[in-house]
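>>> what's the 3D shape of this:
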Amino acid sequence: QVQLVESGGGLVQPGGSLRLSCAASGRTFSNNTMGWFRQPPGKEQQFVASVRWNDITTAYADSVKGRFTLSRDNAKNTVYLQMNSLMPEDTADYYCAASLKPIMGALTKFSSSYDYWGQGTQVTVSS
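As a prediction, the model looks like this:
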């Protein structure tokens, strides 16, 4: 059974940083796409970032480009989302997602492209 477990969320002041982790178990992902989505309070789910496992191609939402960085550790079957210069509008529940096969192009930004989801981790940016 595939499990995705997020960690690293919390309360941070504006301008601060957090690093989210997503550890996958039950399957070794060697040729797929891993993504991060978020759902701000009272709003719809939003694409944040994604990475293709085999060629490290990444994609970012315009709202996080230059501030968030996605990386992966193949040996640990884990992806990380380094979030810098956090703003109050980054406050949301953050979810990790995994696909069974590589997702190409713009499809990486659609939640329906992914097959597995984590339980989410809360990020609150507030002074």
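>>> which residues touch L100?
Contact partners of L100, counting by C-beta atoms under 8 Å, 6 or more residues apart in numbering, are N32, D115. Every C-beta, even on glycine, is put in place using the N, C-alpha and C of the backbone.
>>> what pLDDT does it get?
You'll see L100 listed with a pLDDT of 88.
>>> and if you look at V5?
The model's pLDDT for V5 equals 96.
>>> what's around it, how many residues?
Neighbourhood size, V5 [other C-beta atoms under 10 Å]: 14.
>>> Now it: closest residue in space, sequence neighbours ignored.
A23 (5.0 Å; C-beta to C-beta, 6 or more residues apart in numbering).
>>> centroid residue for the chain?
Centrality entry for the chain: nearest residue to the mean C-alpha point is W36, 2.2 Å, by C-alpha atoms, centre = their mean.
>>> rewinding a little: which strand or helix spans the residue nearest to V5?
strand 18-25 (DSSP states H and E).
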